[in-house]
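Q: I'll drop the sequence and a predicted model, then ask my questions.
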Amino acid sequence: MKLFADRYGAIAEIYKYNPAAAGQVLSDTSMDFTSIESLDKKRAPGSLDYYAVSMLTLILMYASLTGFWAVKGEQNQKTGNRVLASPIRNYEFLTGKVIGGILVTIVQALVVILFSKLVLKAWWGEDIVTIMLVIVTLSIMSISIGTGVAYLIKNDGAASGLLNSIIPVFVFFGGGYTPLENMGPAIMRLSVASPLRWTNDAIFRVIYNNDYSMVLTAIFINLAVAAAFIMISAVLSRK
């Protein structure tokens, strides 16, 4: 900004002594008074870097099916009632299902990150701890959605079909298939409804800009959605 201002300060000085020369300077577009350079020219996401992140979050969204079948499997095989006939409380049963699904999902996420980083050489930045924190909250949200849908919809086929229909929509509006910047302003406005948009945005900002401004937003959205579906599961599981 200082260089930009100094350019016009210099032109103002030229006007005092030679107005014609100042006009020539302004009209000559070939004269470049500023130089714009990246602080780290090597750190721009290539296709492999981009899809390492976006395909990971896509996989985590499909983990909602893990939470769904964890509940439905117990219902279909009639083992859930046997468990509840033992000295196990309803909330303990539900908590075990949710925590188990979350741990399995986190392990899957770690496998994807390690493989993409060590084998495919995808760039995950320097702060993997913050990225993992966002990923853990996304895992919690995905499993919670699955368990909530399992209690909301009794029919297995309808519930599974609903999840398999909604997830690609969330992924699309979250920039999972192609960057949102390439899809125009209308899609950008609609994308705010996808929780995945905030997660992807937070992760990319941390990796390439050391920008943490979206991390808390992504975590809050993920945990808020998770809390809503956990409440649904808690209420309906009593029935």
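A: Received the coordinates, thanks.

Q: residues touching the residue most central in space within the chain, list them.
A: Taking C-alpha atoms, centre = their mean, the centroid of the chain lies closest to Thr199, which sits 2.2 Å from it. Residues in contact with Thr199 (C-beta atoms under 8 Å, 6 or more residues apart in numbering) are Thr57, Val134, Leu138, Gly174, Ala218, Ile221, Asn222. For glycine as for every other residue, the C-beta is placed from the backbone atoms N, C-alpha and C.

Q: can you tell me which residues contact the fifth one?
A: Put plainly, it is Ala218. By C-beta under 8 Å, 6+ apart, the neighbours of Ala218 are Val134, Thr137, Trp198, Thr199, Asp201, Ala202, Ile203.

Q: Quick check: chain neighbours aside, which residue is closest to the fifth one?
A: Counting by C-beta to C-beta, 6 or more residues apart in numbering, Met214 is the residue found nearest to Asp201 once chain neighbours are left out, at 5.2 Å.

Q: What is the burial count for that neighbour?
A: Met214 has 20 neighbours, counted by other C-beta atoms under 10 Å.

Q: cool, Ser139 as well?
A: 27.

Q: Can you tell me the number of residues neighbouring the nearest residue to it once chain neighbours are set aside?
A: Closest residue to Ser139 apart from its sequence neighbours, by C-beta to C-beta, 6+ apart: Thr105 at 4.2 Å. Number of residues near Thr105 (other C-beta under 10 Å) recorded here: 24.

Q: Quick one, which of the contacts of Thr199 has the minimum pLDDT?
A: In terms of pLDDT, Gly174 ranks lowest among these, with 86.

Q: quick one, phi psi at that one?
A: phi -90, psi 0 (degrees, to the nearest 10).

Q: Most neighbours out of the contacts of Ala218, which is it?
A: Busiest of those [other C-beta under 10 Å] is Thr199, holding 31 neighbours.

Q: Strands of this structure, residue ranges please.
A: With DSSP state E as the definition, the chain shows no strands.
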